[in-house]
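Colleague: here is the input, now give the coordinates:
(one chain, ligands or ions: 1)
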Amino acid sequence: MATRSKESRPKVCFDRVLPRDMMRLQPTMRLGGRTRAIAPIGKTWMNGSTLRVRFMGGTAAQRAIVKEQAGWWTQHANLRFEFDNSPNAEIRIRFDPDDGAWSYVGTDCRGIPANEPTMNLGFMDGGTTAHEFGHAIGLAHEHQNPAGGIVWNEEVVIRECAKSPNFWDEATTRHNILRKYSADQIKGTAFDPNSIMLYFFPSDWTLNGIGTQANEALSELDRQFIAGAKMYPRSAPTVLEATELQPNATRRTAASIGQFGEEDLFVFAVQRAGRYVIDTKGPTDVVMKLFGPDSATALIAEDDDSGLAYNARIAADLVEGRYYAQVRHYNRATGKGNYTIRVWRSK
Ligand SMILES: [Zn+2]
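Modeller: Reported below is the predicted structural model:
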């Protein structure tokens, strides 16, 4: 692509990652079970979600590119985009040419005030828009994958990024390019040189001669990963297929994860605000996420084994509304088994 030829400087996307202290904390108490890190990222949307998109400006041509390239992901992922310009849209796109290309990552978009963009498309060359939508659905930068083996020539990178079109100071370049995600913050595959989530940079930016190409289509691994068990598999239930739970039911509801990667989805109505507890019991090591009120995209809490043994338990103060509890096996690749679930009002 001409704009990323050898003569032009790389246009580098930066994904806006909220610092750890702004990430949603677990409101649950750890009551026992084995010691294990809590699912670290938690930035994926609920499988099967419809994410609404609002344009904050943009020409008809720009908007058409957005719709086309967002669709590259939804051909494979169990997600939908609705371009309805809703005031409550999860994804808000501005087209400020002086602000580069960036996006907040996945569910972090929810933490941004509704009158502010969650994505800027200051340039839309090649697959830039698809790349930014990759961030918006929870993907990080492939070139920051610790498995990538890239050894940056920091001096060169800092010097080049200080020039047009980025004009970054050293701290910004360190944050956007040089800083690698710590291994416990990502869930990914091996380094994929064809990933749309990779950005072009020349080989003299590295000490070990690794450069990258600008990728302008989803790679085979991108397609597999986004449709896979860790992200948005089509085999999992969507919000319309959720199983209804009655709060304070006398009997626990039996369920099972019958296939690797399968997710179960439950819905319950809170008619009286208060503290509610949702827990699982059984031999199956499950992870639970709670969404609501009246939203399948607003994450309230996430838990893996605060409950007894390997069970999940969430206690949260809930207002009136409908809530979704999503349950999957801790090990999506190999785990399955039976469990029961119950929700009750504790005070
Ligand atoms: Zn990016």
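Colleague: what are the boundaries of the helices in the chain?
Modeller: 60-74, 128-136, 154-161, 170-173, 220-226 (DSSP state H).
Colleague: between those, which one is closest to Val239.
Modeller: With Cβ to Cβ as the criterion, Val239 lies closest to helix 60-74 of the helices of the chain, at 15.9 Å. The way it works is simple: take the backbone N, C-alpha and C, and place the C-beta from them, glycine included.
Colleague: okay, and the beta partners of Thr212?
Modeller: Residues in a beta bridge with Thr212, per DSSP bridges, are Phe201.
Colleague: which residues touch the residue nearest the centre of the chain?
Modeller: Against the mean C-alpha coordinate of the chain, by Cα atoms, centre = their mean, the closest residue is Gly138 at 2.3 Å. Counting by Cβ atoms under 8 Å, 6 or more residues apart in numbering, Gly138 makes contact with 41, 43-45, 105-107, 231.
Colleague: now, which of these sits nearest the ion?
Modeller: Taking Cβ to the ion as the measure, Val105 is the one of the contacts of Gly138 closest to the ion, at 9.1 Å.
Colleague: the closest one contacts His141, correct?
Modeller: No. Using Cβ atoms under 8 Å, Val105 is not in contact with His141; the gap is 9.7 Å.
Colleague: which one of those two is surrounded by more residues?
Modeller: More crowded of Val105 and His141, by other Cβ atoms under 10 Å: His141, with 25 against 22.
Colleague: ok, for the residue in the stretch 201-347 of the chain positioned nearest to the ion, nearest residue in space, not its chain neighbours?
Modeller: Of all residues in the stretch 201-347 of the chain, Asn215 sits closest to the ion, at 11.7 Å by Cβ to the ion. Once flanking residues are discounted, Asn215 sits nearest to Ile196: 5.2 Å by Cβ to Cβ, 6 or more residues apart in numbering.
Colleague: count of neighbours near Ser295?
Modeller: As a burial measure, Ser295 scores 19 neighbours (other Cβ under 10 Å).
Colleague: per-residue confidence at it?
Modeller: Looking at Ser295, its pLDDT stands at 79.
Colleague: next, it: phi, psi?
Modeller: Backbone geometry at Ser295, expressed as degrees, to the nearest 10, gives phi -150, psi 140.
Colleague: could you tell me which residues make contact with it?
Modeller: Counted by Cβ under 8 Å, 6+ apart, Ser295 has zero contacts.
Colleague: try 10 Å
Modeller: With contact set as Cβ atoms under 10 Å, 6 or more residues apart in numbering, Ser295 has these partners: 46, 49, 88, 90, 110, 239, 321-324.
Colleague: between the contacts of Gly138, which is nearest Val277?
Modeller: Within the contacts of Gly138, proximity to Val277 (Cβ to Cβ) peaks at Thr107, which comes in at 23.1 Å.
Colleague: looking at it, the closest one is touching His135, isn't it?
Modeller: No. Applying Cβ atoms under 10 Å as the test, Thr107 and His135 come out as separate, 11.6 Å apart.
Colleague: neighbour count: the two, which is higher?
Modeller: Comparing Thr107 with His135 by other Cβ under 10 Å, the one with more neighbours is His135, at 27 against 24.
Colleague: okay but that one is in contact with Ser103, surely?
Modeller: Yes. At 3.9 Å, His135 counts as touching Ser103 under the criterion of Cβ under 10 Å.
Colleague: what about Ala269, neighbour count?
Modeller: Count around Ala269 with other Cβ under 10 Å applied: 16.
Colleague: once you drop chain neighbours, what's closest to it?
Modeller: Residue nearest to Ala269 in three dimensions, not counting chain neighbours: Arg322, with 5.3 Å by Cβ to Cβ, 6+ apart.
Colleague: circling back to that earlier point, next one: the residue of the stretch 201-347 of the chain closest to the ion from Gly138, what distance?
Modeller: Distance, Asn215 to Gly138, by Cβ to Cβ, to the nearest Å: 19 Å.
Colleague: repeat that for Val66.
Modeller: Counting by Cβ to Cβ, the gap between Val66 and Gly138 amounts to 18 Å.
Colleague: what do Thr107 and His135 both touch?
Modeller: Lys43.
Colleague: return the residues in contact with the residue found closest to Glu170 once you drop the neighbours it is linked to in the chain.
Modeller: Residue nearest to Glu170 in three dimensions, not counting chain neighbours: Ile158, with 5.1 Å by Cβ to Cβ, 6+ apart. Neighbouring residues of Ile158 by Cβ under 10 Å, 6+ apart: 152, 168-174, 177-178.
Colleague: repeat for Ala64
Modeller: Neighbouring residues of Ala64 by Cβ under 10 Å, 6+ apart: Gly58.
Colleague: quick one: pLDDT of it?
Modeller: 98.
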